[in-house]
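[1] Pasting a predicted model and its sequence here:
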Amino acid sequence: MMTVSEKFQHLRQRGEAALIPFITAGDPDLETTIVALQALDRHGADFIELGIPYADPLADGPVIQAAATRALQRGTNFAKILEVLEEVKDKITAPLIIFSYINPILQLGVSKFLQQIYDRGARGLVVPDLPLEEAAVVLQPAAEIGIEVTLLVAPTTPQERMAKIANHSQGFIYLVSTTGVTGMRAQVGKRVQKMLEELRKVTDKPIGVGFGISQPEHARQVIAWNADAVIVGSAMVKRLHEEGVPSMAELCASLKRAIKWEETIG
């Protein structure tokens with residue numbers, strides 16, 4: 001499996017933007033997670049972000065919070081998620097990015113957590129509550145193992161700090177499109193365009209935009225503003241929960257078609 005950086009380089013060489021769908025492990029159950037990961041891989045996902053359910057998900061909106069609650073109530077735990085990763089690692093080509101809050105990582109042990117997800121095919125990690133000042137505890141062992149840790153830039157991040165985060169972020173930079181938590185919104189704020197311009201001044205690393213992207217039009221707009229990737233979470237989780245794998249896969253395919261569209265808007 002390619003690393004996150006290698007896959008972005010491959011896409012850039014083809015002049016192609018990346019689609020990164022997110023689902024929560026164990027929602028509605030682990031067997032469906034296995035099927036859903038393979039469906040996303042077949043229907044246009046360039047990377048797949050898999051969330052580890054957590055009881056206090058501070059960065060997540062109501063849709064993903066509810067998914068985590070359902071998964072935990074069904075007995076989903078890290079050991080079972082590792083079994084899912086083992087099952088799919090040779091069946092998908094999209095690099096897997098694990099989304100986890102820092103507490104589960106610290107409880108297991110950073111190096112042990114990283115080695116176990118790496119051995120089962122994961123190549124990236126996003127930790128939304130890991131501040132830059134404390135990131136070395138994960139960044140250093142991750143680099144030794146082969147996991148790229150992507151850091152987040154928020155709308156409130158000053159440019160000087162933005163540059164520091166970009167310098168340390170691995171694989172790509174996760175640009176949070178709005179203040180607050182994840183969730184579906186009617187439109188993507190114009191502030192995203194300005195943030196992308198500011199980030200481009202301090203880094204040439206790929207930039208993925210997430211939080212609030214739920215429709216093909218949103219994805220197309222963000223790519224027109226010169227993002228390298230769109231990250232779609234709540235809309236995927238909602239489709240999977242309410243309508244099942246085929247509907248989720250259909251959304252994935254429509255988003256990928258939208259960012260392949262050669263024309264730009266606005």
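    Cool, the structure landed.
[2] What strand or helix carries residue 116?
    Assessed by DSSP states H and E, residue 116 sits inside helix 110-119.
[3] partners of the next helix or strand after that helix in the sheet?
    Using DSSP H and E, the helix or strand that directly follows helix 110-119 along the chain is strand 122-126. Each strand paired with strand 122-126, and its direction, by DSSP bridges: strand 96-99 (parallel), strand 148-150 (parallel).
[4] Tell me which of the ones you listed lies nearest to residue 32.
    Checking the strands paired with strand 122-126 against residue 32 by CB to CB gives strand 96-99 as the closest, at 16.6 Å. (C-beta placed from N, C-alpha, C; glycine too.)
[5] Output the closest one as PDB, nothing but the C-alphas.
    Extracted C-alpha coordinates of strand 96-99, given in PDB (Å, rounded to 0.1, in the frame of the first residue of the first chain):
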ATOM      1  CA  LEU A  96      -6.200   4.100   5.400                       C
ATOM      2  CA  ILE A  97      -6.000   7.000   7.700                       C
ATOM      3  CA  ILE A  98      -7.000   6.400  11.400                       C
ATOM      4  CA  PHE A  99      -8.900   9.100  13.200                       C
END
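[6] any idea of the mean pLDDT for it?
    Regarding strand 96-99, the rounded mean pLDDT is 98.
[7] so how far is it off the chain centroid?
    Centre-to-centre, strand 96-99 and its host chain are 6 Å apart (CA atoms, centre = their mean, to the nearest Å).
[8] Can you read off the pLDDT for the residue nearest to the spatial centre of the chain?
    In the chain, the C-alpha nearest the mean C-alpha coordinate belongs to residue 49, at 4.2 Å (CA atoms, centre = their mean). For residue 49, the pLDDT comes out at 98.
[9] what do you get for the one 10 residues further on?
    Confidence per residue is given as pLDDT, and for residue 59 that number is 65.
[10] So in that sheet, which strands flank the strand ranked longest in the chain, and in what orientation?
    Of all segments of type strand in the chain, defined using DSSP state E, the longest is strand 18-24. Next to strand 18-24 in the sheet, as set by DSSP bridges, lie strand 48-51 (parallel), strand 229-232 (parallel).
[11] Include distance to residue 238 when you put these into JSON lines, please.
    Below are the strands paired with strand 18-24 laid out as JSON lines (distance: least, CB to CB, whole Å):
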{"stretch": "strand 48-51", "distance to residue 238": "14"}
{"stretch": "strand 229-232", "distance to residue 238": "11"}
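[12] now the helices for this structure?
    Along the chain, counting by DSSP state H, helices occupy 4-13, 30-42, 62-73, 78-88, 102-108, 110-119, 136-145, 159-168, 191-200, 216-224, 234-243, 245-260.
[13] Figure out which of these is closest to residue 56.
    helix 102-108 (8.1 Å).
[14] What are the buried residues along that closest one?
    The neighbour-count check on helix 102-108 (16 or more other CB atoms under 10 Å) flags 102, 104-105 as buried.
[15] what separates that helix from the chain centre, distance-wise?
    Computed by CA atoms, centre = their mean, the chain-centroid distance of helix 102-108 equals 19 Å.
[16] Ok, stretch 227-242 next?
    Stretch 227-242 sits 9 Å away from the centroid of its parent chain (CA atoms, centre = their mean).
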